[in-house]
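Only the shape, not the letters, is given here:
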């Protein structure tokens, strides 16, 4: 298979992020998405880490990753894997969630890989219609139908211990806050220990254990997220790199491609 990726924000769905891709050598590092990841495997198989365990998704299966959940991604076969993915944020799914779970709830997908042929086929049809630019009413109707079925069949209320994990520790919250405020600067571990009062080794272990990634990986995640926002505003790649703490355009491109699966230049053309 030949590697390619097509990313867009779908106007019919109010800007929901969509990706159609084939990867062979791409190896996504530990990262998170603002929205849920709902992906159908069309060819090959995907191997990925979620919940601290390794999983393999074969053809026809649905990959489910919760919003803000650390995960990775790589091929599980020599020929690579092809998939169609939708990344709706909890806010974008709020009407569906409220109908099923009630208002103010953020559901959780407990299973990383599910076998649901009827739903997988429906998601593929929806994705193809979005790619073809079909009638907005048709796309919207099918989208809410598919998301409703997905939530009813495979989502659960998030367990309390998972709600508390990853952000409730004051030091982790403080480090996140610092990195989100200073992502454009050359942040050092001393900066983080100064703002928490913890030792470098303890702080690194604590942050990694609570979030699933070390501080420098989280910083790159924040930088790429901010880069997406600036690219949507029409800034040049050079200006975006400078504004987000990357040393140059090449540095930005390398991290953006690793986390997003598409280059920032291609992202800028469709966002």
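That came in fine, so what should we check first? Keep in mind the model is a prediction, meaning the values are calculated, not measured.

For the nearest residue to residue 15 once chain neighbours are set aside, give me phi and psi.
Counting by C-beta to C-beta, 6 or more residues apart in numbering, residue 15 lies nearest to residue 9, which is 4.6 Å off, once chain neighbours are set aside. All C-beta atoms are positioned from the backbone trio N, CA, C, and that covers glycine. With angles defined as degrees, to the nearest 10, residue 9 sits at phi -100, psi 120.

so what's residue 49 bridging to?
Residue 49 forms beta bridges with residue 54, as assigned by DSSP bridges.

how far away is it from residue 93?
Counting by C-beta to C-beta, to the nearest Å, the gap from residue 49 to residue 93 is 24 Å.

Tell me which of these two has more neighbours.
Using other C-beta atoms under 10 Å as the criterion, residue 49 and residue 93 rank with residue 93 on top: 24 against 17.

do you know how far the nearest residue to the more buried one once chain neighbours are set aside is from residue 209?
In space, residue 93 comes closest to residue 147 once its chain neighbours are excluded; the distance is 6.0 Å by C-beta to C-beta, 6+ apart. Look at residue 147 and residue 209: by C-beta to C-beta, they are 33 Å apart.

could you pull out the strands for the stretch 101-250 of the chain?
With DSSP state E, counting those that start in this stretch applied, the stretch 101-250 of the chain shows strands at 113-114, listed in chain order.

where in it is pLDDT low?
Applying pLDDT under 70 to the stretch 101-250 of the chain flags the ranges 159-168.

can you give me the helices for it?
Using DSSP state H, counting those that start in this stretch, the helices found in the stretch 101-250 of the chain span residues 117-132, 136-154, 160-164, 170-181, 189-196, 200-211, 215-232, 237-243, 249-260.

and residue 5, which of those helices is closest to it?
For residue 5, the closest of those is helix 249-260, at 8.5 Å, according to C-beta to C-beta.

Pull out the buried positions in the closest one.
Buried residues in helix 249-260, counting neighbours by 16 or more other C-beta atoms under 10 Å, are found at 249, 252, 253, 255, 256, 257, 259, 260.
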